[in-house]
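1. any chance you could fold what I've pasted below:
(3 chains)
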Amino acid sequence: MPELPEVETVRAGLAGIVTGRRIEGVTVLHPRPVRRHPGGPDDFATTLTGRTFIEPRRRGKYLWLPFADGDALLAHLGMSGQFRFDEPDAPLLPNTRVLFDLGPDAGPVVEPVETTSPADATNGVSTSSTSATQLRFVDQRMFGGLSLSPDGADLPAELSHIGRDPFDPQFDPAAAVARIRAKRSAIKRVLLDQTVVSGIGNIYADEALWRARLHYDRPADSLTAAKARELLGHARDVMGDALAQGGTSFDSLYVNVNGSSGYFERSLAAYGREGLPCLRCGRPMVREPFMNRSSFRCPNCQRRPRRRSS
DNA sequence: ATCGCGACCTGGTTGC
DNA sequence: TGCAACCAGGTCGCGA
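-> Residues are numbered from 1 along each chain as shown, chains lettered A, B, ... in the order given. Model (predicted):
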């Protein structure tokens, strides 16, 4: 599921749960998610135990969970990664890969739920649990990964090649426009290139291109600076809209995708709308393969570019 | 140096 | 009904 808005939702959820807490133990159930950790699963478990989290951070689709000692736990959700927070004896979801047992929350004391109140009996929703202390990494396809990044609290060295995302306070729009226009590749390929601008994936690339009325195959260096600036603005706007929606439909206990739920019903104008009318002109949207994946566009609003003349 | 493709995985859905 | 093929929102490394 994860492009920038989804990863940011996870980050914010993790921030409320792990910050200030100590790792009491780590269990690696499958070695693949820690494949990028140099010491392997056993070292991953032992080296993380005893460390204390400070507030999680994000760049693009990457997360890192800094420790008070200056190192960090680097995490990428891949295509299907989730963090879940559960009671240690709760049944494991399928594809649970790594367990982190956390010590008690050392942060501000939370008002205990008044369970004897008749008012509470009316809403059967359990909104909090004082015994949930296990952070779980669940990942079906295992494209995601976890590793310890030495001295990575500020910015993991592994992310040095990842460009700033549009929500980064130090994001430089003019520089991003210049990087885009320096590429001869198709504009969608450039949007997906995380070294140029990070955080944009297949869905939001299609949404941004639809808003800008651009065809995915348009050479990036054929865009005017104004058009490139507009496109970046659309990318940021659509991800901001998704983030605003995502923030509301989550149970704060579960740091992530509940997998199901109505979160998926974001207002998408392009992605997944094959055969449905373009929300601007009414023509049926089409799906076409591009870079071994699906691209959705309006055949009227987003015309295929003429071939480059030189 | 840059670009494009295939590999890496599991599981749900589609079509014969 | 069975089974193969296809599809999934990402990233990396390799060869050209």
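2. pull up the residues of the stretch 101-250 of chain A that are close to DNA strand C.
-> A:Arg141, A:Phe143, A:Glu158, A:Leu192, A:Gln194, A:Gly201, A:Asn202, A:Ile203 (CB under 7 Å from any atom of the strand). Bear in mind the C-beta positions are built from the backbone N, C-alpha and C, glycine included.
3. for the stretch 101-250 of chain A, just list every one of the strands.
-> Here the stretch 101-250 of chain A has its strands, by DSSP state E, counting those that start in this stretch, at A:134-139, A:145-149.
4. to A:Arg280, which of those strands lies closest?
-> A:Arg280 lies closest to strand A:134-139 among the strands of the stretch 101-250 of chain A, at 37.4 Å (CB to CB).
5. quick one: mean pLDDT over that closest one.
-> The average pLDDT within strand A:134-139 is 94.
6. list the helices and strands it packs on?
-> helix A:4-18, strand A:81-86, strand A:96-102 (3 or more CB pairs under 8 Å, 6 or more residues apart in numbering; DSSP states H and E).
7. need the winner for burial among the ones you listed.
-> By mean neighbour count, with neighbours taken as mean count of other CB atoms under 10 Å, strand A:81-86 ranks first of these at a mean of 24.
8. report the angle between that one and strand A:145-149.
-> 80 degrees (axes from the mean of the first three to the mean of the last three CA atoms, to 10 degrees).
9. ok now strand A:81-86, how far from the chain's centre?
-> 13 Å (CA atoms, centre = their mean, to the nearest Å).
10. close to DNA strand B, is that strand?
-> No. If you take CB under 7 Å from any atom of the strand as the test, strand A:81-86 misses DNA strand B, and the best it gets is 11.6 Å.
11. could you list the alpha-carbon positions for that strand in PDB?
-> These are the backbone C-alpha positions of strand A:81-86, laid out as PDB (Å, rounded to 0.1, in the frame of the first residue of the first chain):
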ATOM      1  CA  GLY A  81       4.700  -4.100   4.900                       C
ATOM      2  CA  GLN A  82       2.800  -3.100   8.000                       C
ATOM      3  CA  PHE A  83       3.500  -2.300  11.600                       C
ATOM      4  CA  ARG A  84       1.000  -3.500  14.100                       C
ATOM      5  CA  PHE A  85       0.800  -3.000  17.800                       C
ATOM      6  CA  ASP A  86      -0.600  -5.900  19.800                       C
END
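12. parallel or antiparallel, which strands does it pair with?
-> Paired neighbours of strand A:81-86 in the sheet (DSSP bridges): strand A:134-139 (antiparallel).
13. run through who's touching the strand it pairs with.
-> A:14, A:17-18, A:33, A:75, A:77-78, A:80-88, A:90, A:92-93, A:95-102, A:144, A:146 (CB atoms under 8 Å, 6 or more residues apart in numbering).
14. excluding sequence neighbours, find me the nearest residue to the closest residue to DNA strand B within the stretch 101-250 of chain A.
-> With CB to the nearest atom of the strand as the measure, A:Arg141 is the residue of the stretch 101-250 of chain A nearest to DNA strand B, at 3.3 Å. Once flanking residues are discounted, A:Arg141 sits nearest to A:Ser80: 4.5 Å by CB to CB, 6 or more residues apart in numbering.
15. need the residues of the stretch 101-250 of chain A near DNA strand B, please.
-> So the stretch 101-250 of chain A meets DNA strand B at A:Gln140, A:Arg141, A:Met142, A:Phe143, A:Lys183, A:Arg184, A:Ser185, A:Ala186, A:Arg189 (CB under 7 Å from any atom of the strand).
16. filter those residues down to the buried ones, ChimeraX style.
-> A single ChimeraX command is used to select the members of those judged buried by 16 or more other CB atoms under 10 Å:
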select /A:140,142,183,186,189
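17. helices along chain A, start to end?
-> When assigned using DSSP state H, the helices of chain A occupy the ranges A:4-18, A:40-48, A:118-122, A:173-181, A:187-192, A:202-212, A:225-246.
18. so for A:Asn292, which of the ones you listed sits nearest?
-> Nearest of the helices of chain A (CB to CB): helix A:202-212, 10.7 Å.
19. which strands or helices does the closest one pack on?
-> With contacts taken as 3+ CB pairs under 8 Å, 6+ apart, helix A:202-212 sits against helix A:187-192, helix A:225-246, strand A:293-297.
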